[in-house]
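> Generate a structure from the sequence data that follows.
(2 chains)
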Amino acid sequence: MGMTFAEKVLASKAGLDRVVPGQIVEISPDVALSHDNAAAIYGIFKKIGVPSLARPETVVIILDHATPAPSTNHAENHRIIRQLVKEQGITHFYDVGEGICHQILVEKGLALPGEVVLGSDSHTPHAGVMGALAAGIGRSEMASIWATGALWLRVPESMRITVTGQLPEGVMSKDLALQVIGDLGADGALYMSVEWQGEAIAALDLSARATLPNIMAEMGAKNSFLPPDQKVLDYLQARAQRPFAVVLPDADARYEVDLVYDASDIRPMVARPHSVDNVAPVAQVAGTRVDQAFIGTCTNGRLEDLAAAAGVLKGRHVAPGTRLVVIPASREVYLQALRAGYLQTFVEAGGMVESPGCGPCMGNHLGVPAVGEVSISTANRNFQGRMGTKDSQVYLASPLVVAASAVAGKIAHPADL
Amino acid sequence: MAFKGRVWKYGDNVNTDVIFPGKYTYTVSDPAQMAQYAMEDLDPRFAEQVRPGDVVVGGANFGCGSSREQAVTCLKMAGVGAIVAKSFGRIYYRNCINNALPALACAEAVDALQEGEEVEVDLEAGEIRVGSGTYHFPPLPSMALAMMEAGGLIPYTRKKLGLA
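Reported below is the predicted structural model:
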């Protein structure tokens, strides 16, 4: 019998002919990603007692969680990280303003097909958009990788989601993701590797594809994989920082769960407070008051997302009493959106455009809600208290729906405007 | 190793944001101080009233969400002896092992345990004992056990590198 993507990569990395789900293997990741938590990781690393990083060429640090620093504490945290970068000779360092770590890893050609990416951030599975095996880990684990260059992983069971057909007009990959999470639940893929395939996936641009592995963390997945095709290879042509070899699952691999979705059935969706699997069609919650709309994050802050939102906001204005915050996912996206005129559209519509980073997604700064307020966001997580206060409500949706909701001042789809 | 404590019982999908809010992740760095924010957005009584050895009980997918290790550290520093749940979020489970906080998957015990009652957990025997009976949990994987015995991943790594 053949092997799934995760089994193939982990077997190869562990130097074994084959592995089976449940098996524990020790592997050396190709990329060890951390962000603003690198300072805390360095503290743990020092406790281990080795003087220098085992494999500094694999270590990537990207500041994004609170950038530019909103307080002296945050600024001090960044200062410690810049110092550790110097002390340890880390070359893959991206300072504040560059963008969100998952987006930057892709843009800088550091997320590569067939490689293993481990990151001290739960949305690390994002890098699966390039065909990497990418999984989140904790801070102590990252410190241990810095010291030893290796970590244990459990070979996951695999789920395959085949998506046929074509997404209807006005429906985005975010809607597909929310539908799947709603169907399977917040633990629907617990510990599993989720592989996407099918004509509807192949038809998506890379930006829309990235939303899928990014948000699979919310279904409990260890990692999520999209098969690298010509679009991926073309994108990497001028970006890949080293040679790579594409790994695809075997045709006769065994899947614990094998699902088929028809993209043409998908409708615009929202996740209601306070859980990503608490989904409903937009039509069902349309009219809910919105105090703040937020377009950005690693989930939906790319050029195509901003283009979709700008298309809705062009020639319109944010509703009185509603605020719109837009944060491009990276400097590259920011510049492209600037040249395309999207940022001007947002500002003319009454929105605020902030510098690249995670922004208010986890309640740090740049537009956190007040007590009792309702937000609608393109992010991937709406846990109670996520944006700063437990006494607020966060809805999640596609950039199209968030932009339309900003205009309407209540939850709406562009078709309703 | 066995210990006794009181049950703090919660539901399914208890996430890292309600265990340790994101707004503190870069402002609170002292592990002992983390304990005072434990469960802040889920149960405001918890941080004040929790006692050493107490057992946190959750349903399915306990600790889902962020990779933030503080969501484990804050419970550990608050004195929590073990977490019993039907299942655990993947990174949370790893973080528990790495911090030597027993994360025990035992659906039967979760259904049986009552808020506030006294419970005894015996890690070696693999037993959870309460008034209503004794419940068994599967032994931890050998690598996890070795890590717990060493006191967590960091002392374990030091040992592996010959530094301890």
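> And the contacts of the helix or strand hosting residue A:337?
Element membership for residue A:337, per DSSP states H and E: helix A:331-339. Residues outside helix A:331-339 that contact it (C-beta atoms under 8 Å, 6 or more residues apart in numbering or on different chains) are A:97-99, A:103, A:107, A:301-303, A:306-307, A:310, A:328, A:343, A:355-356. Where you see a C-beta, it was placed from the backbone N, CA and C, and this is true even at glycine.
> what's the offset of that helix from the middle of its chain?
Distance of helix A:331-339 from the chain centroid (C-alpha atoms, centre = their mean, to the nearest Å) equals 19 Å.
> In terms of secondary structure, what does the helix or strand following that helix contact?
Sequence-wise, the next helix or strand beyond helix A:331-339 is helix A:342-348, with elements assigned using DSSP H and E. Here helix A:342-348 touches helix A:303-313, strand A:323-326, strand A:352-353, going by 3 or more C-beta pairs under 8 Å, 6 or more residues apart in numbering or on different chains; DSSP states H and E.
> The same query, at a cut-off of 6 Å, please.
helix A:303-313 (3 or more C-beta pairs under 6 Å, 6 or more residues apart in numbering or on different chains; DSSP states H and E).
> residues in contact with the helix it packs on?
A:205, A:207, A:295, A:333, A:336-337, A:342, A:345, A:349, A:399-400, A:403-404, A:414 (C-beta atoms under 6 Å, 6 or more residues apart in numbering or on different chains).
> Next, the angle helix A:331-339 makes with it.
Going by axes from the mean of the first three to the mean of the last three C-alpha atoms, to 10 degrees, helix A:303-313 is angled at 30 degrees with respect to helix A:331-339.
> could you dump stretch A:126-143 to CSV, C-alpha only?
Only the C-alpha atoms of stretch A:126-143 are listed here, as CSV (Å, rounded to 0.1, in the frame of the first residue of the first chain):
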residue,chain,number,x,y,z
HIS,A,126,-0.2,27.7,6.2
ALA,A,127,3.0,26.7,4.5
GLY,A,128,1.2,23.6,3.2
VAL,A,129,0.0,25.9,0.4
MET,A,130,3.5,25.4,-1.1
GLY,A,131,3.5,21.6,-0.6
ALA,A,132,5.5,21.6,2.7
LEU,A,133,4.7,19.6,5.8
ALA,A,134,4.1,22.4,8.2
ALA,A,135,3.0,22.1,11.8
GLY,A,136,2.8,24.3,14.9
ILE,A,137,4.8,23.5,18.1
GLY,A,138,5.3,25.2,21.5
ARG,A,139,8.0,27.5,22.7
SER,A,140,10.0,24.9,24.7
GLU,A,141,10.0,22.7,21.6
MET,A,142,11.4,25.5,19.5
ALA,A,143,14.1,26.2,22.1
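> how about it against chain B, any contact?
Yes: shown here: stretch A:126-143 in contact with chain B (C-beta under 6 Å from any C-beta of the partner chain) through A:136, A:138-140.
> Likewise for stretch A:393-400?
No: residues of stretch A:393-400 are not located near chain B by C-beta under 6 Å from any C-beta, the shortest gap being 10.7 Å.
> pLDDT (mean, whole number) over that stretch?
Across stretch A:393-400, pLDDT averages out at 98.
> Need the contact partners of it.
A:172, A:174-175, A:270-271, A:273, A:295, A:300, A:305, A:308-309, A:374-378, A:382, A:386-387, A:414.
> In the stretch 51-200 of chain A, what residue spans correspond to strands?
With strands called from DSSP state E, counting those that start in this stretch, the stretch 51-200 of chain A shows them at A:59-62, A:92-94, A:116-119, A:133-136, A:151-154, A:158-164, A:193-197.
> Show me the residues of stretch A:126-143 next to chain B that map onto helices.
Counting by DSSP state H, those place A:139-140 in helices.
> Only the buried subset of the residues of stretch A:126-143 next to chain B, as a PyMOL command please.
With 16 or more other C-beta atoms under 10 Å in any protein chain shown as the criterion, this PyMOL line picks the buried residues out of the residues of stretch A:126-143 next to chain B:
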select buried, chain A and resi 136+138+139+140
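> What is the nearest of the residues of stretch A:126-143 next to chain B to residue A:280?
residue A:136 (27.7 Å; C-beta to C-beta).
> So that closest one versus residue B:89, what's the distance?
Between residue A:136 and residue B:89 the distance is 10 Å, computed by C-beta to C-beta, to the nearest Å.
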